[in-house]
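> give the three-dimensional model of this entry:
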Amino acid sequence: MRGTPALVCSSRDILLPMAYIEIATNTPYREVIVIDAAVGAGAPNQSEDVMAVQYLLRVASEASSESAAFQPPGEPPVKIDGIYGTQTQKYISFFQKEVNRRQNRRLIEPDGRIDPVRAGSASSGVTHTFYTIVALNAALRSRRGNGFKLETDQLLPAGLRPKLFLTF
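Numbering: from 1, shown residues only. The predicted structure is shown next:
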């Protein structure tokens, strides 16, 4: 069911026509960043969805104790502006290819797109690979920790701050 944007989401049954961030109180990790429409080549590239993906890519480009940075060689940090362009595309493609290289298998589809999760599954029924948005959320947790409070992150763009939602 699609509805109009809400300030607080108290049920997982509500689908919002934009990127949003669930702050869960009943899961091992607190935040899950969700997009409504695909981002990438030939995708709708809605501004809030692009901004959410750019934020996740920016965090993934930081090195952590568990993982090297996911940053294309010679590229400056990805700009978080909600505009899909060549830099965002380079980061998406690099992230997908690099995840597969590091895992030594095709874990995510290297198609240059980030699709929303469908049917409540972490993997695609078509390609049988994990959704890239799931891998990006895992990169967020590996760099920030499970107890991290997203609302305190200075990298979180002002345009996404109103999209914080509580899930019970």
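> when you work out contacts or count neighbours from here on, use the C-alpha atoms and nothing else.
Fine.
> following the worst-scoring helix or strand of the chain on mean pLDDT, which helix or strand comes up?
Across the helices and strands of the chain, mean pLDDT, DSSP states H and E gives its lowest value to strand 20-24, namely a mean of 53. Note on strand 20-24: by DSSP states H and E, the next helix or strand toward the C-terminus is strand 31-34.
> sheet-wise, list the partners of that next one with their directions.
As defined by DSSP bridges, the strand partners of strand 31-34 come to strand 20-24 (antiparallel).
> what is the burial count for Asp115?
19 (other CA atoms under 10 Å).
> ok, now how distant is the nearest residue to it once chain neighbours are set aside from Ser124?
Among residues not flanking Asp115 along the chain, Ala38 sits closest, at 4.3 Å (CA to CA, 6 or more residues apart in numbering). Remark: distance between Ala38 and Ser124 (CA to CA, to the nearest Å) = 14 Å.
> more neighbours: which of these two?
A direct count of neighbours by other CA under 10 Å for Ala38 and Ser124 places Ala38 higher, at 20 against 16.
> contacting residues for the more buried one?
44-45, 49, 113-116 (CA atoms under 8 Å, 6 or more residues apart in numbering).
> again, only this time at 10 Å
When contacts are counted by CA atoms under 10 Å, 6 or more residues apart in numbering, Ala38 touches 44-46, 49-50, 53, 113-117, 133.
> distance of it relative to Thr152?
In this view, Ala38 and Thr152 are 27 Å apart by CA to CA.
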